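Q: no FASTA, just this:
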């Protein structure tokens, strides 16, 4: 788990929780015990977990921002002032500075 902190004197934080390493280990264990019929599905699942685990912290923050904007029905330009406003509507405890910095991650890491 890693926090995105130090944004203001209030220390806004967005926690990034990464448990993909646990999921990957469980899948590897399952692969060692899998029947030939189960192996293709487990191998595909393991590949998906590995690709997700490769995401950087800014990419994860960008995904989080997009999910929060989707939650409030925002469909406009993610680089706009309206996007910051919508993010703050979705997460009222975020400061303006934190919202802008998170927005920048989302703009820098398009899907």
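A: Thanks, I have it. Please read these numbers as outputs of a predicted model, since none were measured by experiment.
Q: Strands of this protein, start to end?
A: If DSSP state E is used as the criterion, the strands of the chain fall at 2-4, 14-16.
Q: Which of these has the lowest mean pLDDT?
A: Note on the strands of the chain: lowest mean pLDDT is at strand 2-4, with a mean of 47.
Q: do you know how far residue 92 is from residue 83?
A: According to CB to CB, to the nearest Å, residue 92 and residue 83 sit 15 Å apart. C-beta here means a position set from N, CA and C on the backbone, and glycine is covered the same way.
Q: Between those two, tell me which one has more neighbours.
A: Ranked by neighbour count (other CB atoms under 10 Å), residue 92 and residue 83 place residue 83 first, with 22 against 7.
Q: How about the contacts made by that one?
A: With contacts taken as CB atoms under 8 Å, 6 or more residues apart in numbering, residue 83 has the following neighbours: 69, 74, 76-77, 103, 106.
Q: okay, and the helix or strand of this protein with the least pLDDT?
A: Across the helices and strands of the chain, the lowest-confidence element by mean pLDDT, DSSP states H and E is strand 2-4, at a mean of 47.
Q: okay, the residue nearest the centre of the chain: pLDDT?
A: In the chain, the residue lying closest to the centroid (CA atoms, centre = their mean) is residue 60, at 3.0 Å. Per-residue pLDDT puts residue 60 at 86.
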